[in-house]
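> This is a predicted model, with the sequence first.
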Amino acid sequence: MVIISKYFFYRNYVGLSLWPFIILKEPELTQDRILINHERIHLRQQAELLILPFYLWYISEWICKSVWYLSTYKAYKNLSFEREAYFHESDPSYLRSRNRFGFIKYLWFEKPRY
């Protein structure tokens, strides 16, 4: 289910997934298939980690990578969940072929992508 609300967003962020909802900043974004697919990947990640552990892992990884990269933005862009979603957001069939816990291979620290 998609919800439109401009109050959830900071800076340039326009979409987020909070199980079981996709929340978008503007109604026009419902037509952005890449963004919707990105958020659907997050919904799958949340479901396979039973929701609460997903958020705990997400925050823990963000804190660790914020220290590692000395940048909260670089940390966000390099989170395993985000890296998987960004890498596959343009592939509408990805969720059909995705392995369980597919984000794991994106976990390891590396040079910042952004």
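Ah, there it is. Model, not experiment: these values are computed from the prediction. Numbering: from 1, shown residues only.
> Helix or strand: which one has the residue positioned nearest the centre of the chain?
Geometric centre of the chain, nearest residue: residue 82, 4.2 Å, by Cα atoms, centre = their mean. Per DSSP states H and E, residue 82 falls inside helix 80-88.
> how about the strands in the protein?
Secondary structure of the chain by DSSP state E: the strands cover 2-4, 15-18, 21-24.
> Ranking those by mean neighbour count, which comes first?
strand 21-24 (a mean of 20; mean count of other Cβ atoms under 10 Å). Quick note: C-beta positions are derived from backbone N, CA and C, even for glycine.
> List the strands paired with that one, with their directions.
Under the criterion DSSP bridges, strand 21-24 sits next to strand 2-4 (parallel), strand 15-18 (antiparallel) in its sheet.
> nearest to residue 59, of those?
Closest of the strands paired with strand 21-24 to residue 59 is strand 15-18, at 13.6 Å (criterion: Cβ to Cβ).
> which residues of this structure fall in helices?
Ranges of helices in the chain, per DSSP state H, are 33-48, 52-69, 72-77, 80-88, 94-97.
> Comparing those, which stretch has the densest surroundings?
Highest mean neighbour count among the helices of the chain (mean count of other Cβ under 10 Å): helix 80-88, with a mean of 20.
> Please enumerate residues in contact with it?
Residues from elsewhere that reach helix 80-88 (Cβ atoms under 8 Å, 6 or more residues apart in numbering): 37-39, 41-42, 45, 54, 57-58, 61, 76-77, 94, 98, 102-107, 113.
> Also stretch 22-41?
Stretch 22-41 has contacts (Cβ under 8 Å, 6+ apart) with 1-6, 8-9, 13-17, 43, 84-86, 88-92, 94-95, 98.
> helices or strands next to the helix or strand of the chain at the bottom of the mean pLDDT ranking in the packing?
Every helix and strand in the chain was compared by mean pLDDT, DSSP states H and E; the lowest is helix 72-77, with a mean of 94. Applying 3 or more Cβ pairs under 8 Å, 6 or more residues apart in numbering; DSSP states H and E, we find helix 72-77 packed against helix 52-69, helix 80-88.
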